[in-house]
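A.B. asks: Sequence plus the predicted model coming up.
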Amino acid sequence: MPTYENPVTDAAEAYEALRGLAHATRDWDEPADTYRVIGEVVAGIRCLGQVLDQLAGVHLRHQDGVSTDDGNRATGAVAALSAADGFHQAAVLLDQAHDQLSAAFVQSGKIVWHPQPAADVERWISVVFLQGDEADRPLRILGELGHVDAVDFLAQWDYGDETTDAAMENGYVYDEPPAGPYDKVMHSGDYALVVNAQFGHVSLLRRHTVPEPEEAETPGPVQDGPELLVSYSSPNAPKPAVAPRQAQGPWFEPAAITTLKQSGRLSL
């Protein structure tokens, strides 16, 4: 708290307050609060200019009673005069800064701050789910070559917009890659590979960005606890020709897999 009597204590308090303000203004939860802060800063600049003028006055009034470290009184008096002139010039510059800040303060007062537009939402859509014998080959690739090659192999079943539309229709859309406590989640580019070697199943999901809905949608099931491995490579596996979708398969099977099974193109 300021003492209004002890300049040394109040100077230290002012420094800590400005240091705290510099830290606090790095981020703003409410941009409209800048108006009040600017007003306080404008007033503070005016007070700081007064302080500099008063410092200059002290050096002028006491220049006859000063000396340098070696006792030279004449040189000390010149130094006091030069310091006073410097403080006065700094006060003049602060007056100019005060005028500029005041003008900016007026312009800031004309602003009406609106809420920021909603950010896009990241979701994960199912590309393919394989289990049993169908999962043997991607599991073997995973064990021999690593998860990036396994993702490249499973990316054959990603038909882009068709896969996205099928996942949307069937509800295979998730906030996070769905995984149980014994599943392992591995990322490669925009893909997430979910593996459970114990039960012999693998699934591939793709990151998909959608606009923030006006009303919250019911998210898909999310479970936590999977082991997470990250890779920054991007799968570039060749995509086979798109086949038309037909009747829906079992609950665990996206439309793209059902199509491949019915056309005889899925053989692992």
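C.D. replies: Received it, and whenever you're ready, just let me know what you need.

A.B. asks: could you pull out the helices for the stretch 101-250 of the chain?
C.D. replies: Taking DSSP state H, counting those that start in this stretch as the test, the helices found in the stretch 101-250 of the chain are 136-145, 147-154, 161-170.

A.B. asks: out of the ones you listed, deepest packed?
C.D. replies: Among the helices of the stretch 101-250 of the chain, ranked by average contacts under mean count of other Cβ atoms under 10 Å, first place goes to helix 147-154 (a mean of 23). Where you see a C-beta, it was placed from the backbone N, CA and C, and this is true even at glycine.

A.B. asks: got the angle for that one vs helix 136-145?
C.D. replies: 150 degrees (axes from the mean of the first three to the mean of the last three Cα atoms, to 10 degrees).

A.B. asks: so how far is helix 147-154 off the chain centroid?
C.D. replies: In this view, helix 147-154 has its centroid 29 Å away from the chain centroid, taken as Cα atoms, centre = their mean, to the nearest Å.

A.B. asks: For that helix, name the packing helices and strands.
C.D. replies: strand 121-131, helix 136-145, strand 184-188, strand 191-196, strand 201-210, strand 227-231 (3 or more Cβ pairs under 8 Å, 6 or more residues apart in numbering; DSSP states H and E).

A.B. asks: Apply 7 Å and report the result again.
C.D. replies: helix 136-145, strand 184-188, strand 191-196, strand 227-231 (3 or more Cβ pairs under 7 Å, 6 or more residues apart in numbering; DSSP states H and E).

A.B. asks: Including distance to Pro2, could these go into CSV?
C.D. replies: Listed next are the helices and strands packed on helix 147-154 as CSV, based on distance: least, Cβ to Cβ, whole Å:
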stretch, distance to Pro2
helix 136-145, 67
strand 184-188, 55
strand 191-196, 57
strand 227-231, 52
